[in-house]
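> Take this sequence and fold it.
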Amino acid sequence: MSGHSKWASIKHKKGAADAKRGKVFTKLIREITVAAKAAGGNPDTNPRLRLAIQHAKDANMPAGNVDRGIKKGTGELEGVNYEEITYEGYGPKGVAVMVEALTDNKNRTTSDVRNIFTKRGGNMAGQGAVGWIFEKKGYIVVQKGVVDEDKLMSIALESGAEDMKTEESNYAITTSPGDYEKVKKELLENSIKLESAEITSVPKSVIKVTGEDAKKVLALVNDLEDNDDIQNVYANFDIPDEILNELEGK
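Presented below is the predicted three-dimensional model:
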């Protein structure tokens, strides 16, 4: 998956920058609220909530915001009812795109998503059209030079990682969702700096995209991610690191 770890790193940095301006707080609070509503307000017994709280901490969200989000989910505070919706479609060059949304107005969100696909040269598809291409995985990226490759592989695999791949500028570690926290904790306890770490949907196969087509695909993904109702966007593009660097102005 050349370019996949690079894109994960870019998204992580973008998220951190957006968090400073408070742009991601709305999405984080929605996820906390929905997670608490689904399985209770105790993060010790609710893995989804535990992960959402960790993401909130990573974004430097005030603890009071986190607490209010949990209480809205458990019903201790009045809150909005959010519906979880997954949209599927295709971007330029046939790139598969899967979109996860939390919305209080399904009609609005569906219309917004369809308009973004159309504007950016893609089209929506029915449920199941592209979902089979993606697998839910823990995905951890470590920059080359941070740690010796053999040491990193040993720590990752011994703590339960499924695989580690060497890419152009990063090491990409994949885990099962259940082993993600254990592997991440072990890496941090060994003082290994993580470029990014998340539970995400990883594509089983990819489509190589270059040049102007790459710009069109990234424009579609960026527009989708900028929508307040959309929590996550997954796509199976393979864009070389040098193009990602150019497009991101790095």
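> Helices of this structure, residue ranges please.
Using DSSP state H, the helices of the chain run over 4-20, 25-39, 47-58, 63-74, 106-119, 149-158, 180-189, 211-226, 241-247.
> Which of the ones you listed sits closest to residue 125?
helix 106-119 (9.4 Å; CB to CB). From N, CA and C alone the C-beta is placed, and that goes for glycine too.
> what angle separates that closest one from helix 211-226?
Interaxial angle, helix 106-119 versus helix 211-226 (axes from the mean of the first three to the mean of the last three CA atoms, to 10 degrees): 170 degrees.
> how far does helix 106-119 sit from the chain's center?
20 Å (CA atoms, centre = their mean, to the nearest Å).
> I figured residue 114 hits residue 124, correct?
Yes: counting by CB atoms under 8 Å, residue 114 touches residue 124, with 5.5 Å between them.
> Give me whichever of the helices of the chain is most buried.
helix 25-39 (a mean of 21; mean count of other CB atoms under 10 Å).
> can you list contacts of that helix?
Applying CB atoms under 8 Å, 6 or more residues apart in numbering, the contact partners of helix 25-39 are 19, 45-46, 48-49, 52-53, 55-56, 59, 61, 65-66, 68-75, 79-80, 82, 84, 102, 228, 230-231.
> Kindly recompute the last result at 6 Å.
Here helix 25-39 makes contact (CB atoms under 6 Å, 6 or more residues apart in numbering) with 46, 48-49, 52, 56, 61, 69-70, 72-74, 79, 82, 102, 228, 231.
> likewise stretch 151-166?
So stretch 151-166 is contacted by 171, 172, 173, 174, 175, 179, 182, 183, 186, 190 (CB under 6 Å, 6+ apart).
> Drop anything exposed from those residues.
Applying 16 or more other CB atoms under 10 Å to these, the neighbour count classes 171, 172, 173, 174, 175, 179, 183, 186 as buried.
> hey, what's residue 207 bridged with?
Counting by DSSP bridges, residue 207 forms beta bridges with residue 237.
> Repeat that for residue 140.
Going by DSSP bridges, residue 140 forms beta bridges with residue 173, residue 197.
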